[in-house]
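In: heads up, no residue letters with this:
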């Protein structure tokens, strides 16, 4: 019998209530037949609208890339009062989490997170709305991420004038961090004309495999990413007939991509000690290092999956500060 987790997460009551609500919501929306009750989700998923008038120093606007597949992104721009003038700003292309199946850039939590990144770094944030599974399975999400990058590369005017696309970062959490890796590999292979990706920010990436790791066994009933939930998500995301050792899930496993010939950007990986996915995340970091790539691992021993979304946790602010340091270091390189 697996031992109990020695690291007890120190969570506020607000965070615990939010986690309980989100876990209950996603469980209620998931159907045994491999579909999702979108009507229920859309009713309960609290949305934020774009604002041409700045709120707390941040403007937002939505830009459509392809209406036929509901492909769009939300741009977050800090005001001059935040930046201290019209200095050039890095661009962060952000991919939201949700197991490839839930949420969007308009979801309240992700709109709030991107506003914090925009204001505190400061940076121009491009938060991507990609198609969701099970209606759209692999590789739809990666296709959409790559399509947004190509669109931005060809339509620089969609970003503010002080957005410096030569200092572009990919960032994401959970499934979004999975997308960070796979979209980066695609961009390394295909190339871009104007945009230069100089860093990857991987926050508790959603990776997996057929094997049950020690952390998955010990924390199998964890909120949001219990093994029961993640097994269902992989099943409705991966191609029919695939198992969790597919290269989209087990990026460092038997079907791993060969990175040796790619100019793969420097990467920072964030891991939580109460996250069942932590062993897969560490393997990703170790695989990057073995592949000759620059990677940094930052651990939060007492934090759960998606902890940084909760603004009342001091660790959330600490993570954003560390992301800022990573970006600053890469821009001065």
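Out: Received, thanks. These figures come from a predicted structure and were not determined experimentally. Numbering: from 1, shown residues only.
In: can we go C-alpha only for contacts and neighbour counts from here?
Out: OK.
In: can you list the buried residues in stretch 173-186?
Out: For stretch 173-186, the buried set under the neighbour-count rule, 16 or more other CA atoms under 10 Å, comprises 173-185.
In: with stretch 258-265 instead?
Out: Using 16+ other CA under 10 Å as the test for burial, stretch 258-265 gives 259, 264-265.
In: closest to residue 296 among the residues you listed?
Out: When the buried residues of stretch 258-265 are ranked by distance to residue 296 (CA to CA), residue 265 comes first, at 11.7 Å.
In: so the closest one sits against residue 201, correct?
Out: No. Applying CA atoms under 8 Å, one finds residue 265 not in contact with residue 201, separated by 9.9 Å.
In: strands of the stretch 51-200 of the chain, start to end?
Out: Counting by DSSP state E, counting those that start in this stretch, one finds strands in the stretch 51-200 of the chain at the ranges 58-66, 71-78, 89-95, 124-129, 163-173, 197-203.
In: which residues are contacting the third one?
Out: By CA atoms under 8 Å, 6 or more residues apart in numbering, the list of residues contacting strand 89-95 from outside reads 122-129, 162-165, 167-173, 175-177, 179-180.
In: let me see the ranges of the helices in this protein.
Out: 13-29, 38-44, 80-83, 108-120, 140-154, 175-190, 214-218, 227-237, 278-290, 314-331 (DSSP state H).
In: quick one: the first one to chain centroid distance?
Out: Helix 13-29 has its average C-alpha position 19 Å from the chain's average C-alpha position, going by CA atoms, centre = their mean, to the nearest Å.
In: could I get the buried residue list for that helix?
Out: Neighbour counts over helix 13-29 (16+ other CA under 10 Å) mark 15, 19, 22-23, 26, 29 as buried.
In: what of stretch 146-158?
Out: Buried, per 16+ other CA under 10 Å, within stretch 146-158: 146-150, 152-153.
In: returning to that earlier point: what's the closest of the buried residues of stretch 173-186 to residue 197?
Out: Nearest to residue 197 among the buried residues of stretch 173-186: residue 184, at 8.2 Å, using CA to CA.
In: who touches the closest one in this structure?
Out: The contact partners of residue 184, taken as CA under 8 Å, 6+ apart, are 170, 264-265.
In: next one: residue 144
Out: Taking CA under 8 Å, 6+ apart as the criterion, residue 144 is in contact with 71, 130-131.
In: JSON lines please, covering those and showing pLDDT.
Out: Formatted as JSON lines, the contacts of residue 144 follow (pLDDT from 0 to 100):
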{"residue": "71", "pLDDT": "98"}
{"residue": "130", "pLDDT": "98"}
{"residue": "131", "pLDDT": "98"}
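In: out of those, who's the most crowded?
Out: residue 130 (27 neighbours; other CA atoms under 10 Å).
In: count of residues packed around residue 235?
Out: Neighbours of residue 235 (other CA under 10 Å): 17.
In: by mean pLDDT, which helix or strand of this structure comes out lowest?
Out: Ranked by mean pLDDT, DSSP states H and E, the weakest helix or strand in the chain is helix 13-29, scoring a mean of 83.
In: elements contacting it?
Out: helix 38-44 (3 or more CA pairs under 8 Å, 6 or more residues apart in numbering; DSSP states H and E).
In: counting by contacts, list what the helix it packs on packs against.
Out: Using 3+ CA pairs under 8 Å, 6+ apart: helix 38-44 touches helix 13-29.
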